[in-house]
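Colleague: sharing a sequence plus its predicted fold:
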Amino acid sequence: MVGLFPRTRWVGLLLSTVVVEWLTATIGLESAIGPVRLGLLAVGVYLTHAVAGLAAVLPYDSLVAWPVVWSWAGRVLTVLVVGVGVGLGGWGLTAVLPSTRSVVGPIIGSVVAAALAGLLAWHLRRK
């Protein structure tokens, strides 16, 4: 349905359904969460989102030059590699850290989230 209707809410509905099913399997059924499984889910969700976004902005009868496609694919690949690398790297880091309750963890997480939001805002204003 996403391929047939890229400009509709089917994309969000499909991606939300995939994430809810994954959460149900991991939390409700206590299925193992492996780094490969989590990475593949993140790649699949982002690729679906990116391809549907590209399809939504192109007219149905458009012809796109290969340099444009390669440029878009390069940006998508960069986001995937950096995003999955940072995410799985952070997950691996949590396995090494001791499991103690402290105030430092939430503060560091909030600072990282604010820094990423600031970086995104700076990047959007730069254009």
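Modeller: The structure has been received and is ready for your questions.
Colleague: tell me where the longest helix sits in this structure.
Modeller: Identified as the longest helix of the chain according to DSSP state H is helix 66-96.
Colleague: quick one, the helix or strand following that one and helix 66-96 angle?
Modeller: Later in the chain than helix 66-96, the nearest helix or strand by DSSP states H and E is helix 104-126. Relative orientation of helix 104-126 and helix 66-96, computed by axes from the mean of the first three to the mean of the last three Cα atoms, to 10 degrees: 170 degrees.
Colleague: distance of L124 from P67?
Modeller: 24 Å (Cβ to Cβ, to the nearest Å). Using the backbone N, CA and C atoms, a C-beta is placed for each residue, glycine as well.
Colleague: quick one: I107 from A121, how far?
Modeller: On the measure of Cβ to Cβ, I107 and A121 end up 21 Å apart.
Colleague: kindly report the same for I27.
Modeller: I27 is 32 Å from A121, by Cβ to Cβ.
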